[in-house]
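J.: Predicted model and sequence follow; I will ask about them next.
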Amino acid sequence: ISRVRGAPRPRLLLQGQRRSGKSSISSVVFHKMPPTETLFLESTTRIQKEPVNSFMDFQVWDFPGQIDYNDGTFDLEALFSDTGALIYVIDAQDEYLEALTRLHQTIEAIQRHNPAINIEVFIHKVDGLSDDFKLDTQRDIVQRTTDELADMGLDGVHINYHLTSIYDHSIFEAFSKVIQKLLPELGTLENLLNGLVSNCRIEKAFLFDVLSKIYVATDSSPVDVQSYEICSDYIDVVLDMTEIYGYDRGDSEVNPVEETKSSVGSSEDWSLPDQSSVMKLQNGMVLFLREINKFLALICIMRKESFEKRGLIDYNVQVFQQALEKVFELHR
Ligand code: GDP
């Protein structure tokens, strides 16, 4: 496995048994594949590196579940050194004891090579399960893992669990949480969003990575699934309309070969015409979408009355946009 030239970029490793859903997840989240088409995907049998076309410059490495860490064929140092998070996918509709054994071996290897990696377990394909069964499965997996790690002398390891399915928004939400933990700028982004929300009397604001529909930050009020879903659906609507009738977004298909070019904050990203879009909903709320740069969009939900002060909103969004530009410049 060769290291990418230039600055190390956070890498997401996607691992799990065969047929657990790894290729489906990366196709649905990063390549806009409709979930039903994943039935025809080939299973992952080797390490695949996929270019991800999003603001984060993330690499998703689809990583088969059958790797033996002790046979010496893999350079684990290189594999784990730039990795930000390991996402371990478990098929909740299948027998998972074998998958858990693999997970525990992987955690053990990570502790040896790079304990800074975040460990994220996706309890996946939960669309077929009742709510009770979902929770029981999660409890069982957490319990077995905690016990096993304690036996291995690794009780201090922190693991995050997510219930996911490609048939609803849960997979996008789980990715949001995984990615947010890897953003050094997150605290600043949240503060900026909090400022915007209180200045403009906005109910909820999300900063979305448009192409993956992962939100990279939101203000600190709690996220309810409904507002998240409506914002994410709104992106789809706007994107579809833009694709058909909109202006030319330029090179929206980033050339995967151009890996060393940072996609955040290069000057041309910020000079695009400001696209915005508004939709009034039946319940008296307003959805407001504003393109921030080539990859990011701000989406706000607010009451109709708050939206009447449109000038105030435009001004504050502009200030927000400039602040964001500075944040990314600093971190570059
Ligand atoms: P991989 O070998 O880990 O890459 O697994 P695949 O991505 O090839 O997925 C194996 C099968 O699981 C495919 O038939 C997918 O359609 C199916 N699958 C993936 N994700 C989900 C999910 O969230 N729910 C359900 N019901 N099936 C899924």
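T.: Okay, I see it.

J.: make it CA atoms for all contacts and neighbour counts henceforth
T.: Fine.

J.: Number of residues surrounding the residue lying closest to residue 191 once chain neighbours are set aside?
T.: Counting by C-alpha to C-alpha, 6 or more residues apart in numbering, residue 219 is the residue found nearest to residue 191 once chain neighbours are left out, at 7.3 Å. Counted by other C-alpha atoms under 10 Å, the residues lying close to residue 219 total 22.

J.: Likewise for the one 10 residues further on?
T.: The tally of other residues near residue 229 (other C-alpha under 10 Å) stands at 16.

J.: Would you mind listing the buried residues in the one helix or strand residue 133 maps to?
T.: Using DSSP states H and E, residue 133 sits within helix 131-151. Within helix 131-151, the residues scored as buried using 16 or more other C-alpha atoms under 10 Å are 134, 137, 138, 141, 142, 144, 145, 146, 148, 149.

J.: quick one, what contacts the residue lying closest to the second one once chain neighbours are set aside?
T.: Of all residues not flanking residue 137 in the chain, residue 92 sits nearest, at 7.3 Å (C-alpha to C-alpha, 6+ apart). By C-alpha atoms under 8 Å, 6 or more residues apart in numbering, the contact list for residue 92 reads 123, 124, 125, 126, 137.

J.: What about those, which one has the most neighbours?
T.: So for the contacts of residue 92 (other C-alpha under 10 Å), the most neighbours sit at residue 124, 24 neighbours.

J.: filter the contacts of residue 92 by proximity to the ligand?
T.: With C-alpha under 6 Å from any ligand atom as the criterion, these include 124, 125 near the ligand.

J.: So which of the contacts of residue 92 sit within strands?
T.: Cross-referencing the contacts of residue 92 against strands under DSSP state E gives 123, 124.

J.: Could you find which two of the contacts of residue 92 are furthest from each other?
T.: Maximum pairwise distance among the contacts of residue 92 (C-alpha to C-alpha): 11.7 Å, between 125 and 137.

J.: Would you mind putting the CA coordinates of stretch 16-27 into PDB?
T.: Output in PDB follows, covering the C-alpha atoms of stretch 16-27 (Å, rounded to 0.1, in the frame of the first residue of the first chain):
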ATOM      1  CA  GLY A  16     -16.200  -6.100   7.600                       C
ATOM      2  CA  GLN A  17     -16.900  -9.600   6.500                       C
ATOM      3  CA  ARG A  18     -17.800 -10.400   2.900                       C
ATOM      4  CA  ARG A  19     -21.400  -9.400   2.000                       C
ATOM      5  CA  SER A  20     -21.600  -7.200   5.100                       C
ATOM      6  CA  GLY A  21     -22.400  -4.200   2.900                       C
ATOM      7  CA  LYS A  22     -19.200  -2.300   2.500                       C
ATOM      8  CA  SER A  23     -19.300  -1.600  -1.200                       C
ATOM      9  CA  SER A  24     -23.000  -0.800  -1.000                       C
ATOM     10  CA  ILE A  25     -22.300   1.800   1.700                       C
ATOM     11  CA  SER A  26     -19.600   3.500  -0.200                       C
ATOM     12  CA  SER A  27     -21.600   3.500  -3.500                       C
END
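
J.: and of the contacts of residue 92, the nearest to the ligand?
T.: residue 125 (3.6 Å; C-alpha to the nearest ligand atom).

J.: how much space between residue 164 and residue 88?
T.: The gap separating residue 164 from residue 88 is 12 Å, by C-alpha to C-alpha, to the nearest Å.

J.: Hmm, I typed the wrong one, I wanted residue 231.
T.: 28 Å.

J.: got it, and residue 38?
T.: 19 Å.

J.: higher neighbour count, those two?
T.: Ranked by neighbour count (other C-alpha under 10 Å), residue 38 and residue 88 place residue 88 first, with 27 against 16.

J.: What about residue 42, how many residues nearby?
T.: Neighbours of residue 42 (other C-alpha under 10 Å): 10.

J.: Make sure I have this right: it is in a strand.
T.: No - assignment of residue 42 by DSSP: H, G, I helix; E, B strand; the rest coil gives coil, placing it outside any strand.

J.: Might you report the residue contacts of it?
T.: Residue 42 makes contact with residue 23, according to C-alpha under 8 Å, 6+ apart.

J.: Report pLDDT for it.
T.: Looking at residue 42, its pLDDT is 70.

J.: Repeat that for the one 5 residues further on.
T.: Confidence per residue is given as pLDDT, and for residue 47 that number is 64.

J.: Then residue 240?
T.: Confidence score, pLDDT, at residue 240: 79.

J.: How about the residues of the stretch 151-300 of the chain by the ligand?
T.: Residues of the stretch 151-300 of the chain lying close to the ligand (C-alpha under 6 Å from any ligand atom) are 165, 166, 167.

J.: switch to 8 Å and redo it
T.: For the stretch 151-300 of the chain, the contact set with the ligand under C-alpha under 8 Å from any ligand atom comprises 164, 165, 166, 167, 171.

J.: Including distance to residue 325 and neighbour count, could the residues you listed go into TSV?
T.: Below are those laid out as TSV (distance: C-alpha to C-alpha, whole Å; neighbours: other C-alpha atoms under 10 Å):
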residue	distance to residue 325	neighbour count
164	33	26
165	34	22
166	33	23
167	35	15
171	28	22
